Each structure stands twice: as C-alpha cells, then as structure tokens.
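In: using only what follows, build the 3D model:
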Amino acid sequence: MSRFLRRQGWVAGLFVLFLALLVVTRLIQPGYGAADFGSLARAVLPYAFAVAAQTVVVLAGGIDLSVAAMMALTSVTAAALMAGASEEFALAVVPFVLALGFALGAMNGALIVVSRVPDIVVTLATLFMLQGAALLVLDAPGGGAAEWLKALIVGTVPIPGLPGAVTDWIPKALVVLVICLAVVWIPLRRSRLGLSLYAIGSSDLAAFRSGVPVARTKILAYALGGLFAAMGGLTLTMSTGIGAPIPGPYLLASVAAVVLGGVALGGGRGGLLGPIIAVFVLRLVRTDLTLLAVDPNVTTIIEGVIMVVVVMLGALVAMRGRTP
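Out: Residues are numbered from 1 along each chain as shown. Okay, the predicted model is just below:
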C-alpha cells in the first residue's frame, strides 16, 4: 500500500477529493442520488474523451489545440451519416468515424513532423480548418443517431447477484467510458509504443539516441489523440441525438484536467487515470455551484478561473522542471 501511495499518491488524493465533493453535494442537496450520478457521468463523457486525447499528446511532449474542433467534425459527420439511415447502418458509421479521427490526428502529427513548425501553431491552424469542415458538413445542429447508440449511455448496468441499490450507481455511461479507454490505453501503456511516448516526452534527443523512432512515435501520439477525440465526438451525438458543428468548451477543460491529473505539461510523466478523475472533479464543482443557485455567468467565471490557475501552475511546474 505504501508503495502504491508513493507512486499514485496524487491520483489517490484526487479520488479522495472527488468523494469529498460527492459528500458536499449530498449535503447541499440531500436528494442527490444514483440518477443524478448517472447524469453526471453522461455529462462527463465528451470531456473525458477530450482529456484522454490531450493526455496522450501531452505525454509525448506536445499539445493539440484542435481537439474540440475534431470532436465537432466527427460528431456532425456521424450525425449526418446516420440521419434517416437504418439502425444497422450505424454499425458501419462508428468505425468510419473512429478511423476519421485517427486519420485527422495523424495528419496533425505528420504536419508537425514534416514542417517542424511548433505543434501549438500547427494545431491552431488545423483548429480553424476542422471548424470550417464541420460547418460544411452541417451548417446548423441536426442529423440523427441510431437508437441503439443512444441507449448505450442511458440507464444503469444490471449485474446478476448485486442488489439494485448498488447497480443503480453503475451508469452505462461510466461503463462505456471505462471500456473505451481501457481497450486503447492498457495495451498502449504496456507496449513499446507506450514506452516510446514517454521517452520522447522526456527528451526527444535522448530518445533518438536510444533508437526510438521519434517522428513515427509523435505521429502515432497525435493519431491516438484523434481516435479519442472521435470517441468524444460520437458521445456528443449519442448524448443529444444530433450533431453540433460549433466546438464546445473542451479545449481548455482538457488542458486543465490533464494538469490537475498530474501530467507534466513538458511531457514524459503522468498517466490517464489522474486526468479522468480530475475531469469528474471539475464537472462536480460545476454541479455544486449550480445546486447553490450561483448565477450561471458567475459559475462560468469561477470555472474559467479554476482552469486558468491550474494551467498556469502546471506551466510553472514544467518550467521549473526544465531549469538545470
């Protein structure tokens, strides 16, 4: 246990903070229960996938400003393809949209590697490109989603042998999130590619001298980020039943959750679990402010201040870490 706490102390602290916020939420609204937690999980889904996308890229020493725009494009693409189509057709749409996200992320990585322009500049440019492409697909919210897709994140998971009071706290949205992240992250973390991501995030030059294919690894990092962003875009369509071409507030939220989750902005240190717990913490803070009847405009200001402070602290830690 002591070894676990030394290695994962920050993540454990975040989890304790999340549990404490749940207690605070119950004190603010005694009726807060399993259904409300399910709503929180559904609201967190797109943010969590945006955070996963940003985490993979940051671990490799980069940053992707186009995450939210990529989510918008994949969301409207899925909605446009499924509008008026059969339920079975969605079986082909889902892998197509995931492949689209992977390809868009790989495009970001290739542009950065080939042009040698800083990633913040390249992804800022692709942000505008993807925003325009999303508006070309749908110039206004619309489209549709297969019923079976929408049902995947609504309700709870019945587990034989467990009482309903327990299973009511296991929303489908949370299970979908865990499965999607685990299917990609666990094999990645244990693979040579995963080690290469951490290596180039720590030092490009040292990784290159150790025989790591830096260019290919960087492209794959952005491609995996695009894959997670496409998952986020799909969950947006699943949650609302339509696609929205205007990117949501996922970019700054993803960076804030990455930093709050213990990932170094300079790359090479951290994991995925911390940022995912962090995004639950940030969304629960918003829930508590809403329950306290705080003005929505003030709530937005408070959220923005929290995110900016977290990002600034993360940047300060990264700068101090690079100081010889």
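In: going by C-alpha atoms from here, please, whenever you check contacts or count neighbours.
Out: Noted.
In: what ranges do the helices span in the stretch 51-200 of the chain?
Out: Along the stretch 51-200 of the chain, the stretches classed as helices by DSSP state H, counting those that start in this stretch are 67-82, 90-115, 119-137, 147-151, 164-167, 172-189, 192-202.
In: deepest-packed of those, please.
Out: Of all the helices of the stretch 51-200 of the chain, helix 67-82 carries the top mean neighbour count, a mean of 29, counting by mean count of other C-alpha atoms under 10 Å.
In: that helix - contacts with which helices or strands?
Out: Helix 67-82 sits against helix 34-59, helix 90-115, helix 119-137, helix 214-240, helix 250-260, with contacts defined as 3 or more C-alpha pairs under 8 Å, 6 or more residues apart in numbering; DSSP states H and E.
In: tell me who's in contact with residue 181.
Out: Counting by C-alpha atoms under 8 Å, 6 or more residues apart in numbering, residue 181 makes contact with residue 52.
In: can you check the pLDDT for it?
Out: According to the model's per-residue confidence, residue 181 sits at a pLDDT of 94.
In: with residue 218 instead?
Out: Confidence per residue is given as pLDDT, and for residue 218 that number is 95.
In: find the nearest non-adjacent residue to it, please.
Out: Leaving aside its chain neighbours, residue 218 sits nearest to residue 109 (6.2 Å; criterion: C-alpha to C-alpha, 6 or more residues apart in numbering).
In: check contacts around the one you found.
Out: For residue 109, the contacting residues are 218-223, by C-alpha under 8 Å, 6+ apart.
In: which of these sit farthest apart?
Out: Of all pairs drawn from these, the greatest distance, 8.6 Å, lies between 218 and 223 (C-alpha to C-alpha).
In: ok so, going back, the helices and strands packed on helix 67-82 into JSON lines, with extra columns for distance to residue 177?
Out: Output for the helices and strands packed on helix 67-82, formatted as JSON lines (distance: least, C-alpha to C-alpha, whole Å):
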{"stretch": "helix 34-59", "distance to residue 177": "7"}
{"stretch": "helix 90-115", "distance to residue 177": "15"}
{"stretch": "helix 119-137", "distance to residue 177": "24"}
{"stretch": "helix 214-240", "distance to residue 177": "9"}
{"stretch": "helix 250-260", "distance to residue 177": "16"}
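In: so which of the ones you listed comes closest to residue 192?
Out: helix 214-240 (10.1 Å).
In: tell me which residues of that closest one are tucked away?
Out: Of all the residues in helix 214-240, those buried under the rule 16 or more other C-alpha atoms under 10 Å are 214-215, 217-239.
In: returning to what we had before: how about the helices and strands packed on helix 67-82, which one is nearest residue 73?
Out: Taking C-alpha to C-alpha as the criterion, helix 119-137 is the member of the helices and strands packed on helix 67-82 that comes nearest to residue 73, at 4.5 Å.
In: quick one: list the elements packing against the closest one.
Out: Of the remaining helices and strands, those touching helix 119-137 by 3+ C-alpha pairs under 8 Å, 6+ apart are helix 67-82, helix 90-115.
In: export the ones you listed as a markdown table, with columns for distance to residue 155.
Out: Rendered in a markdown table, the data for these read as follows (distance: least, C-alpha to C-alpha, whole Å):
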| stretch | distance to residue 155 |
| --- | --- |
| helix 67-82 | 22 |
| helix 90-115 | 21 |
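In: any idea which of those gets closest to residue 129?
Out: Shortest separation from residue 129 across the helices and strands packed on helix 119-137 is recorded for helix 67-82, at 8.6 Å, computed as C-alpha to C-alpha.
In: next, the angle from that closest one to helix 214-240.
Out: 60 degrees (axes from the mean of the first three to the mean of the last three C-alpha atoms, to 10 degrees).
In: quick check: mean pLDDT of helix 67-82?
Out: Average pLDDT, helix 67-82: 95.
In: quick one on the thing from earlier: between the helices and strands packed on helix 119-137, which one is nearest to residue 50?
Out: Among the helices and strands packed on helix 119-137, the nearest to residue 50 by C-alpha to C-alpha is helix 67-82 (6.5 Å).
In: what angle do helix 119-137 and that closest one make with each other?
Out: Here the directions of helix 67-82 and helix 119-137 differ by 20 degrees (the same axes, to 10 degrees).
In: now helix 67-82, how far from the chain's geometric center?
Out: Distance of helix 67-82 from its chain centroid, counting by C-alpha atoms, centre = their mean, to the nearest Å, is 15 Å.
In: could you pull up phi and psi at residue 243?
Out: Summarising the backbone geometry of residue 243 under the convention degrees, to the nearest 10, its torsions are phi -110, psi 140.
In: how about it, what does it touch?
Out: Taking C-alpha under 8 Å, 6+ apart, we find residue 243 in contact with 72, 75-80, 138, 141-144, 236-237.
In: got it, and residue 313?
Out: By C-alpha under 8 Å, 6+ apart, no residues touch residue 313.
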